[in-house]
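Q: Here is a sequence together with a model predicted from it:
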Amino acid sequence: DTAVSQTPKYLVTQMGNDKSIKCEQNLGHDTMYWYKQDSKKFLKIMFSYNNKELIINETVPNRFSPKSPDKAHLNLHINSLELGDSAVYFCASSQELRGKLFFGSGTQLSVL
Amino acid sequence: DAKTTQPNSMESNEEEPVHLPCNHSTISGTDYIHWYRQLPSQGPEYVIHGLTSNVNNRMASLAIAEDRKSSTLILHRATLRDAAVYYCILSPRGSTLGRLYFGRGTQLTVWP
C-alpha cells in the first residue's frame, strides 16, 4: 500500500478554473503538509496541518485553500487558477511537527 | 534559517562509493543536519539525519565535521537507483521541519 497517495497525478486546466488535489496517508501520522516545487525545482512549504488544525501558512495566496476532513486527509483547493500556479504539488506527512517527512509522488499541475 | 551549499552535480560509477558534500558554515549549535533525496518523478525521500556524531543507517552514512561547518553524505556502493537530487537541510532543534527551504541540492548521476 502506498503510504502517502495523492490524486490526480496530472492535472491540465485552463486559466480561471477551480481545481482540487486530494491527499491521503495511511501511516497514522498526525501532521500533513502541502509543498510546491516550481520550474526551477525549488521545493517550498505551503501549508501544514496538525490534528486537522492549520499550523503553517507560508504566504500563500487566498486562492489556495487546504482542507483537512480528518487526520488522514489533506486536500488542496485552488480557485481562479493562474499561469504561475503551474508546478508540481507534493503532499507529505510526519508523525509530530518535527518528525521525518514522507512525501507523495506529486501532482503535476499545468495551467494553460 | 542557516543556509547550506552543495555542488550542483556529481557523477559516480556503479558500485563505487559516493561522497556528497554540504557546507553549512553558519550552522548553530542546535541545528540538526538532514538529508533527503528526490528520485526522478518522485517526492523527496528521507535519507538520514544527525546532530554531532556520525550516523549510519541502511541507506547511507553521515559524516559530520568536528566544527559542524560541513558534512558529507556517504553512499557506500552506488547503484543506478541512487541517481537522484540530494538535499542537505538544516533543522533547528524544536522547529518544524516543514518550514525549511530545500534548496537546489546535488544532482547525482550514476553510470553503469
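A: Arrived safely. Treat the numbers as computed from the prediction; the structure is a model and nothing was measured. Numbering: from 1, shown residues only, chains lettered A, B, ... in the order given.
Q: Kindly report the residues of chain A close to chain B.
A: A:4, A:31, A:33, A:40-45, A:48, A:55-56, A:58, A:90, A:92, A:94, A:97-106 (C-beta under 8 Å from any C-beta of the partner chain). Where you see a C-beta, it was placed from the backbone N, CA and C, and this is true even at glycine.
Q: Mark which of the residues you listed are buried, thanks.
A: A:4, A:31, A:33, A:43-45, A:48, A:55-56, A:90, A:92, A:94, A:97-106 (16 or more other C-beta atoms under 10 Å in any protein chain shown).
Q: how deep is B:H34 tucked in, by neighbour count?
A: If you count neighbours by other C-beta atoms under 10 Å in any protein chain shown, B:H34 ends up with 22.
Q: What separation do you get for it and chain A?
A: B:H34 sits at a distance of 8 Å from chain A (criterion: C-beta to the nearest C-beta, to the nearest Å).
Q: among the residues of chain A next to chain B, which are in strands?
A: Within those, residues falling in strands by DSSP state E are A:4, A:31, A:33, A:43-45, A:48, A:55-56, A:90, A:92, A:94, A:102-103.
Q: Quickly name whichever of those is closest to chain B.
A: A:F103 (2.8 Å; C-beta to the nearest C-beta).
Q: what is the closest one paired to in the beta sheet?
A: Assessed by DSSP bridges, A:F103 has beta-bridge partners A:A92.
Q: quick check, nearest of the ones in strands among the residues of chain A next to chain B to B:P7?
A: If you rank those by distance to B:P7 using C-beta to C-beta, A:L43 comes first, at 18.1 Å.
Q: A:M46 against A:K36, yeah?
A: Yes. Using C-beta atoms under 8 Å, A:M46 is in contact with A:K36, at 5.4 Å.
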